[in-house]
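Asks: Compute the structure for the input listed below.
(3 chains)
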Amino acid sequence: MKKLTSAFYARKATIVAKELIGKYLVHEQNGEKFIGMITETEAYMGPDDKAAHSYNNHRSKRNEAMYGPAGHAYIYIIYGIHICFNIVTATINIPQGVLIRGVEPIEGIRKMALNRYKTNLEDLTQAKIHNLTNGPGKLTQAMGITMNDYGINLQGNKIYLLDSKKKHNIKTSPRININYAGEAIHYPWRFYIKDNPYVSKPNR
DNA sequence: AAAATGATCAAG
DNA sequence: TTGATCATTTTA
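Replies: Down below sits the predicted model:
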């Protein structure tokens, strides 16, 4: 399988978010390899999107990465506790991004269980296995992604994405937990695979 | 249903 | 310097 190129990322966040579904997110760390198939994403469209951190071209140390070139990681801590992993899209000075909200474990799932629950995979119930990566804060914890990876280039060898030609039944819905965002609340910029158990909130 | 928990940002 | 605000998860 081939890595996604910078040309893939250099488009509108809504397009990239939709096409990212079914692709493979890879993290290599200490000789271990985590792979997750992306099941759920959300697009954040920058200056005109009240839900985006870059609304009205707001710029700060935190969201600096979104103003850089596409195909890099924008990572931030939310609610003081959880780490969210985003992919920068569009081009320099157009601050758009795609939040990865869910992945299905493909490789390294034993280590994911340890990262999340300090428990062996065999001792987890099916429900807890689904809980490994069905949320933005969960998948970063499971895959070992931290603030140290802020701004990393996704064409490198540490964190990157692999292409896939597999077709999925993609559903669309409004985004989650952006109640402060005015009219943007209703924009259908969330994408997910229908009936996949590694999606955070199946019915919205 | 609600607490946990801390970085970030804008106001004073 | 302080207080309000979160692109969430967990527990009950």
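Asks: where in chain A is pLDDT low?
Replies: Within chain A, the set of residues satisfying pLDDT under 70 comprises A:202-204.
Asks: and if we set it to 80?
Replies: Judged against pLDDT under 80, the low-scoring parts of chain A cover residues A:201-204.
Asks: Now do the SS call for the residue positioned nearest the centre of it.
Replies: Central residue check for chain A by CA atoms, centre = their mean: the C-alpha nearest the mean position is that of residue A:100, 1.5 Å away. Three-state assignment for residue A:100 (DSSP: H, G, I helix; E, B strand; the rest coil): strand.
Asks: and what of the one 10 residues further on?
Replies: In three-state terms, and counting by three-state DSSP, residue A:110 is helix.
Asks: Same check on residue A:8?
Replies: With three-state DSSP as the criterion, residue A:8 reads helix.
Asks: wait, doesn't it sit right on residue A:19?
Replies: Yes - at 7.4 Å, residue A:8 and residue A:19 qualify as touching, with contact defined as CB atoms under 8 Å. (C-beta placed from N, C-alpha, C; glycine too.)
Asks: So which residues on chain A come close to DNA strand B?
Replies: Residues of chain A that fall close to DNA strand B, judged by CB under 7 Å from any atom of the strand: A:58, A:60, A:61, A:62, A:63, A:76, A:77, A:78, A:79, A:80, A:81.
Asks: Now the fifth one: phi and psi?
Replies: Dihedral pair for residue A:63: phi -100, psi 20, per degrees, to the nearest 10.
Asks: what about it, how many neighbours?
Replies: If you count neighbours by other CB atoms under 10 Å, residue A:63 ends up with 19.
Asks: how close does the closest residue in space to it that isn't next to it in sequence get to DNA strand C?
Replies: Among residues not flanking residue A:63 along the chain, residue A:53 sits closest, at 4.5 Å (CB to CB, 6 or more residues apart in numbering). The gap separating residue A:53 from DNA strand C is 4 Å, by CB to the nearest atom of the strand, to the nearest Å.
Asks: For residue A:53, which residues are in contact?
Replies: If a contact means CB atoms under 8 Å, 6 or more residues apart in numbering, then residue A:53 has A:44, A:62, A:63, A:66, A:76 as its contacts.
Asks: No more questions from me, cheers.
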